[in-house]
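[1] Structure for this input, please:
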Amino acid sequence: MSAFIIDAFEFCKSDGFREGSTPLVEMTRLAAESSEKGGEIRWTMQGGQTRHGYPSLTLEVAGHVKLECQRCLQPMDYDIDSSTMLVLGKDDEDADAIEIVLDDDSIDVIVGSRTCDIRQLLEDEALLALPQSPKHDVCPDTKLLDSLKNEKPSPFAGLKNLKTE
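    Residues are numbered from 1 along each chain as shown. Modelled structure (predicted):
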């Protein structure tokens, strides 16, 4: 069995702890979002229980990725630094009941597994930490954007000639 496959319930019950780093190229979904495939994501996973006694996993991910700016289409640096708590339910019905008891939008309740691949959980957390539409605060090179703006007149420019007084 892989070192990344755990019994999530036992991990939580025994207050398990793991840490490590994973090369970005091994996180294929995250690598697909990145304009460069180098680097790594550092992570920790701590098992435990909520104050209500539900099994919980606390995940932390951190690392540096290069994303494509949606404004200038140039690479931009982005630092991932995210932490979340996942509470485990035995099945969908149990997870729904736990969500009602916890009544906390900052805590995610998922269905746990006795054969949980922690790589998937860690990659999910890293993906959720990415901005939906990455943009530089100030784009470093706007020549391409400026050339597109000046390339053709606005399609609405001709409408002003149709205006009657």
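
[2] From Met76, how far out is Lys135?
    Between Lys135 and Met76 the distance is 8 Å, computed by Cβ to Cβ, to the nearest Å. The C-beta positions use only the backbone N, C-alpha and C, and glycine is treated the same way.

[3] hey, what's in contact with both of those two?
    Jointly contacting Lys135 and Met76 under the rule Cβ atoms under 8 Å, 6 or more residues apart in numbering are Cys69.

[4] Looking at those two, which is more packed in?
    Legend: neighbour count by other Cβ atoms under 10 Å for Lys135 and Met76, higher for Met76 (20 against 14).

[5] Surely Glu33 touches Leu67?
    Yes. Counting by Cβ atoms under 8 Å, Leu67 is a contact partner of Glu33 at 6.7 Å.

[6] which neighbours do the two share?
    Jointly contacting Glu33 and Leu67 under the rule Cβ under 8 Å, 6+ apart are Leu130.

[7] Would you confirm that Met27 contacts Glu40?
    No. Counting by Cβ under 8 Å, Met27 does not reach Glu40; the two are 9.2 Å apart.

[8] So for those two, which residue has more residues nearby?
    Neighbour comparison, Met27 and Glu40: the larger count goes to Met27, with 25 against 16 (by other Cβ under 10 Å).
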